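Participant: just need the structure, nothing else, for what follows:
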Amino acid sequence: MVKTFMVTSTAFSMFRRNLQQFIQPPSRSEICRLLAKLSRPERNNSIPESSKAKLRILVTDLDFISPCQIRISYQETSSFSNHLKGIVEDLTKETWEWWPLKPRIRPLPPGHARLRWDCSCGEERWEDVPTPVARRIAHLTQQKPASSETCSPTALRMLAGPTAKGTRIGQTEPSSTIPNSQSTSDVYPKFPPRVSAASNNNVKDGEKGYVLFGVTTGEDFQLAQIEVQHYKDDQFFDQLREKYNEFRGFFRKWFGIWKYSHSEFVKFEKIGDNDIVPRGPGIPDPRNRDYQYNPRPAEHLPPISPHEFRRRFYACHSRCSILRVARLRPFHKCWRPCRHSSEALDRIPKKNKVLEAGGDGREFFWGIHGIERLSFLSVASYHLLILLPPLIFWFLWLFQWGHSGDMQNASVPFLSALGLLSLFWLPLIN
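Facilitator: Numbering: from 1, shown residues only. Coordinates of the predicted model:
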């Protein structure tokens, strides 16, 4: 009994991870610790707060990547299609979901370098970091022999070799202007190798775990409490998708132009009777026993990257039939998650008891918040639906109904449809 208590305790898990890291520190862990140290909000350095938030997400993305798979480029050229995507996003002040096209690659800001890698799902990933940070990462990798890290993907977030143009980390400049201070009073946790959960979803016997999932639909905020006791990852994300579609309703689900992008770990506040608002990113303090998650404290913030949230949300699970795969074969790559793993669910904070949303008392609590993006496919479909009939009328009027040369009357329906499109874009342009 005493041995089991000690082995499964948080202190012993941290001791094991720190000891393993001390004996044989991998370059990957050193890179994660560097990014975490530089991204602390209270750290006084030349990195702006917006870049620090991106660095914290980058830590999660690079958790399973070998340094030899990262490429760094200091100059980027933009394609014409990428330039058009930038115009649309700049006009609407929104980040778009460009599927089935490739995501927009933003212009490289001055004083920044671009880290590139390819996800095992086939999607190209990238992130911009300040040039001194990129040089420091290169310097860390040069301190280790090339054979000290493996380069073969072994997990969902393990990333494959690069395809984009750039410079391998080992070929970049080793100089750096980032200080390497060693602070023992770290606000953000260390980033040791991953350890498996010691219990089922980290929920104690006799307690039920509830993941609080918030969705903003229009001007309304709705909150679901998903009971996840004895759940695996595929079951949880099935429930997450069902709750999200339930909140959106039939019309928004099938005809809306906003689609699920990812979820963020946020802190909520109940400011009134069934009146709940998100208050920014965060997870419960490790000493808060009203919530359970593993590892505790979290290895990095956020514990799950936005890319992984999206990947798991849109996984096939039980929805992918042979007929659907056959119809969408050019665009659809069937991927089924492991049905015996709860690694992702373990990382999400779970409240031990049901939240009482009623009453006038104020209360803080933690969960995940669904983020939506404008869908290029939906917007393009509506444009095609509006413009295709006038175009058909145009050609029929000129070539089928004997009005050759009568361009003025043939173009009236098409020009009227263009006027209607302005009503579509006015609410989107800020």
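
Participant: surely Trp117 meets Arg125?
Facilitator: Yes: under the criterion of CB atoms under 8 Å, Trp117 makes contact with Arg125 at 5.2 Å. Yep, even glycine has a C-beta here, placed from its N, CA and C like the rest.

Participant: could you report the neighbour count for Val266?
Facilitator: With neighbours defined by other CB atoms under 10 Å, the count for Val266 comes to 19.

Participant: cool, and Gly86?
Facilitator: Gly86: 15 neighbours (other CB under 10 Å).

Participant: which SS class is it?
Facilitator: helix (DSSP: H, G, I helix; E, B strand; the rest coil).

Participant: of all the helix elements in the chain, which one is longest?
Facilitator: helix 233-255 (DSSP state H).

Participant: what are the C-alpha coordinates of that helix, in PDB please?
Facilitator: Only the C-alpha atoms of helix 233-255 are listed here, as PDB (Å, rounded to 0.1, in the frame of the first residue of the first chain):
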ATOM      1  CA  ASP A 233      -9.600   9.300 -26.300                       C
ATOM      2  CA  ASP A 234     -11.800   8.200 -29.200                       C
ATOM      3  CA  GLN A 235     -14.900   8.100 -27.000                       C
ATOM      4  CA  PHE A 236     -14.200  11.600 -25.500                       C
ATOM      5  CA  PHE A 237     -13.700  13.200 -28.900                       C
ATOM      6  CA  ASP A 238     -16.800  11.600 -30.200                       C
ATOM      7  CA  GLN A 239     -18.700  13.200 -27.300                       C
ATOM      8  CA  LEU A 240     -16.900  16.500 -27.900                       C
ATOM      9  CA  ARG A 241     -18.000  16.600 -31.500                       C
ATOM     10  CA  GLU A 242     -21.600  15.700 -30.600                       C
ATOM     11  CA  LYS A 243     -21.800  18.500 -28.000                       C
ATOM     12  CA  TYR A 244     -20.300  21.000 -30.400                       C
ATOM     13  CA  ASN A 245     -22.800  20.100 -33.200                       C
ATOM     14  CA  GLU A 246     -25.600  20.100 -30.700                       C
ATOM     15  CA  PHE A 247     -24.700  23.700 -29.600                       C
ATOM     16  CA  ARG A 248     -24.500  24.900 -33.100                       C
ATOM     17  CA  GLY A 249     -27.800  23.500 -34.200                       C
ATOM     18  CA  PHE A 250     -28.900  22.000 -37.500                       C
ATOM     19  CA  PHE A 251     -28.700  25.200 -39.600                       C
ATOM     20  CA  ARG A 252     -25.200  26.300 -38.400                       C
ATOM     21  CA  LYS A 253     -23.900  22.700 -38.700                       C
ATOM     22  CA  TRP A 254     -24.900  22.200 -42.300                       C
ATOM     23  CA  PHE A 255     -25.100  25.800 -43.700                       C
END
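
Participant: quick check: what element follows the longest strand along the chain along the chain?
Facilitator: Secondary structure of the chain read by DSSP state E shows that its longest strand is strand 258-272. Where DSSP states H and E defines the elements, the next helix or strand beyond strand 258-272 is strand 275-281.

Participant: and that following strand, what does it pack onto?
Facilitator: strand 220-227, strand 258-272 (3 or more CB pairs under 8 Å, 6 or more residues apart in numbering; DSSP states H and E).

Participant: tell me the most buried of the ones you listed?
Facilitator: Across these, averaging neighbours per residue (mean count of other CB atoms under 10 Å) puts strand 258-272 on top, at a mean of 19.

Participant: packing partners for it?
Facilitator: strand 210-217, helix 233-255, strand 275-281, helix 306-313, strand 363-375.

Participant: for whichever helix or strand comes after the shortest one, packing partners?
Facilitator: Think strand 275-281. Remark: after strand 275-281, the chain's next helix or strand is strand 291-292, criterion DSSP H and E. For strand 291-292, the elements it packs on are strand 350-351, judged by 3+ CB pairs under 8 Å, 6+ apart.

Participant: quick one: residues in contact with the strand it packs on.
Facilitator: With CB atoms under 8 Å, 6 or more residues apart in numbering as the test, strand 350-351 has contacts from 201-203, 209-212, 225, 228, 290-293, 365-367.

Participant: hmm, 7 Å instead?
Facilitator: Strand 350-351 has contacts (CB atoms under 7 Å, 6 or more residues apart in numbering) with Asn201, Val203, Gly209, Tyr210, Val211, Leu212, Val228, Asp290, Tyr291, Gln292, Tyr293, Phe365.

Participant: average pLDDT for that strand?
Facilitator: The pLDDT scores in strand 350-351 average 94.

Participant: now swap in stretch 379-394 and tell me
Facilitator: 91.

Participant: tell me the buried residues in it?
Facilitator: Val379, Leu387, Pro390, Phe393, Trp394 (16 or more other CB atoms under 10 Å).

Participant: same thing with stretch 397-412?
Facilitator: Buried residues in stretch 397-412 (16+ other CB under 10 Å): Trp397, Leu398, Ala410, Ser411.

Participant: for it, list the C-alpha coordinates in PDB.
Facilitator: Coordinates of each C-alpha in stretch 397-412 appear next as PDB, following Å, rounded to 0.1, in the frame of the first residue of the first chain:
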ATOM      1  CA  TRP A 397     -28.800  33.800 -73.900                       C
ATOM      2  CA  LEU A 398     -25.800  34.300 -76.300                       C
ATOM      3  CA  PHE A 399     -25.400  30.900 -77.900                       C
ATOM      4  CA  GLN A 400     -28.600  28.900 -77.400                       C
ATOM      5  CA  TRP A 401     -31.500  31.300 -77.500                       C
ATOM      6  CA  GLY A 402     -30.300  33.300 -80.600                       C
ATOM      7  CA  HIS A 403     -29.200  36.600 -79.000                       C
ATOM      8  CA  SER A 404     -25.600  36.600 -80.100                       C
ATOM      9  CA  GLY A 405     -24.000  39.900 -79.500                       C
ATOM     10  CA  ASP A 406     -26.600  41.000 -76.900                       C
ATOM     11  CA  MET A 407     -24.000  41.300 -74.100                       C
ATOM     12  CA  GLN A 408     -25.900  43.900 -72.200                       C
ATOM     13  CA  ASN A 409     -29.000  41.900 -71.400                       C
ATOM     14  CA  ALA A 410     -27.000  38.700 -71.000                       C
ATOM     15  CA  SER A 411     -24.900  40.200 -68.200                       C
ATOM     16  CA  VAL A 412     -27.700  41.700 -66.200                       C
END
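
Participant: where does the stretch 51-200 of the chain have low pLDDT?
Facilitator: 63-64, 66, 120-122, 141-200 (pLDDT under 70).
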